[in-house]
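S.K.: Okay, sequence plus prediction incoming.
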Amino acid sequence: MEKEKTKNVVLLHGVGLLTGFGWLTICLIKEITMPVALWILTIYILWGLSVLTIVDCKRHQIPNNFLKVLLAIWGMVMMFDIILHGKDGIEVLVMSLVGAFIGGGIFLLCYIISGKRLGAGDVKLVFLLGLFLTEKKILETIFYSTLLCLVFCLLQLYGRKMERGKEFPMTPFFYLGTWIAFF
């Protein structure tokens, strides 16, 4: 049991580190420019999504404690950005809050309309995605994520590998959709 736990921790950290280095490499190659706070937040959300993808695929659950850690990271980055950049930091804060309410609002509506068949963790995660990605990238991320999810579901239904109404993790689609949104 202890050996399995250690293996999982190493896997999670490895995937997270690869994601962070991947983002740094892409930023350098594509010469992506954005405020430092958004650059840091993007690294953290991609790292968080990579870890959550593995956890969600294994457990079909998005741990609230992990979401709280991501929220705390966002809060600290915002606080330092406001202190260091004043008005520009407040502008990033407003963009983040708008993104959170757009993303979280869309998925909360889906959660309610679906009769709570969509996971509550997915709603919280998209709210956090909005905080990290701001209004500039959250709609693209949602679009690409749901498009990928639709294609996956249609292929699974067509191949009779999935039945209607079966649960499946959404986090991998958010992870891929976020990467696509940056390209």
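M.R.: Okay, I see it. Numbers count the residues shown, from 1 in each chain.

S.K.: number of nearby residues for Gly20?
M.R.: A total of 16 residues lie near Gly20 under the criterion other C-beta atoms under 10 Å. Quick note: C-beta positions are derived from backbone N, CA and C, even for glycine.

S.K.: Quick check: which helices or strands does the host helix or strand of it pack against?
M.R.: For Gly20, the element it lies in under DSSP states H and E is helix 2-30. Packed against helix 2-30, as judged by 3 or more C-beta pairs under 8 Å, 6 or more residues apart in numbering; DSSP states H and E, are the following elements: helix 36-59.

S.K.: Give me the average confidence score over the helix it packs on.
M.R.: Per-residue pLDDT values across helix 36-59 average out to 86.

S.K.: in this protein, which helix has the most residues?
M.R.: helix 120-158 (DSSP state H).

S.K.: Now do it: distance to the chain's middle.
M.R.: Centre-to-centre, helix 120-158 and its host chain are 8 Å apart (C-alpha atoms, centre = their mean, to the nearest Å).

S.K.: Then stretch 106-121?
M.R.: That offset, for stretch 106-121, works out to 17 Å (C-alpha atoms, centre = their mean).

S.K.: Any buried residues in that stretch, and which?
M.R.: 106-108, 111, 118-119, 121 (16 or more other C-beta atoms under 10 Å).

S.K.: related to what we said a few turns ago, in the helix holding Gly20, which residues are buried?
M.R.: Buried residues in helix 2-30, counted by 16+ other C-beta under 10 Å: 12, 16, 19-20, 23, 27.

S.K.: do stretch 52-72 as well
M.R.: Neighbour-count burial for stretch 52-72, counted by 16+ other C-beta under 10 Å, picks out 52-56, 62, 66-67, 70.

S.K.: what do you get for stretch 149-165?
M.R.: Buried residues in stretch 149-165, defined by neighbour count with 16+ other C-beta under 10 Å: 149, 162.

S.K.: and what of stretch 70-88?
M.R.: Residues 70, 73-74, 77-78, 81-82 are the ones in stretch 70-88 that count as buried (16+ other C-beta under 10 Å).

S.K.: now do stretch 173-183
M.R.: Judged by neighbour count (16+ other C-beta under 10 Å), stretch 173-183 contains these buried residues: 173-179, 181-182.

S.K.: Outside of that stretch itself, list whatever touches it.
M.R.: Residues from elsewhere that reach stretch 173-183 (C-beta atoms under 8 Å, 6 or more residues apart in numbering): 26, 32, 42, 45-46, 49-50, 52-53, 125-126, 129, 133, 137, 140-149, 152.

S.K.: Export only the CA atoms of that stretch, formatted as CSV.
M.R.: In CSV, the C-alpha atoms belonging to stretch 173-183 read as follows (Å, rounded to 0.1, in the frame of the first residue of the first chain):
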residue,chain,number,x,y,z
PHE,A,173,-10.8,17.8,-21.4
PHE,A,174,-10.3,20.9,-19.4
TYR,A,175,-6.6,20.2,-19.4
LEU,A,176,-6.4,19.7,-23.2
GLY,A,177,-8.8,22.6,-23.9
THR,A,178,-6.6,24.9,-21.9
TRP,A,179,-3.5,24.0,-23.8
ILE,A,180,-5.4,24.4,-27.1
ALA,A,181,-6.7,27.8,-26.1
PHE,A,182,-3.1,29.0,-25.8
PHE,A,183,-2.3,27.9,-29.3
